[in-house]
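> just coords:
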């Protein structure tokens, strides 16, 4: 597989170098493999984190990136069945 790194895609070289340095990978293909595996695992972990009981709005904001947006919302619902309530009052 070849990855374009010229013209408007020149930024990819910098990204690969940064990943190689951060992960101590010796090759561009190793850095690419690490990045894809990490991304797949993190997307799964982020999905689990969204549903975790300790998730907060602040933490969701910290975990968000330009390509992954986590949202946190508290919802509460109360449904009282009037016919059940009438029987309880009897």
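Yes, it's here. All values reported here derive from a predicted model rather than from experimental measurement. Numbers count the residues shown, from 1 in each chain.
> what about the longest helix in the chain?
helix 28-50 (DSSP state H).
> Report the mean per-residue pLDDT for the next helix or strand after it.
Sequence order places helix 57-63 as the next helix or strand after helix 28-50, per DSSP states H and E. Averaging pLDDT along helix 57-63 gives 84.
> Only the buried residues of helix 57-63, if you could.
60, 63 (16 or more other C-beta atoms under 10 Å). No exception for glycine: its C-beta is placed from N, CA and C like everyone else's.
> How about stretch 1-16?
Across stretch 1-16, burial judged by 16+ other C-beta under 10 Å covers residue 16.
> Ends of it, what's the gap?
15 Å (C-alpha to C-alpha, to the nearest Å).
> can you check stretch 15-30 too?
13 Å.
> ditto for stretch 14-33
Taking C-alpha to C-alpha, the first and last residues of stretch 14-33 lie 16 Å apart.
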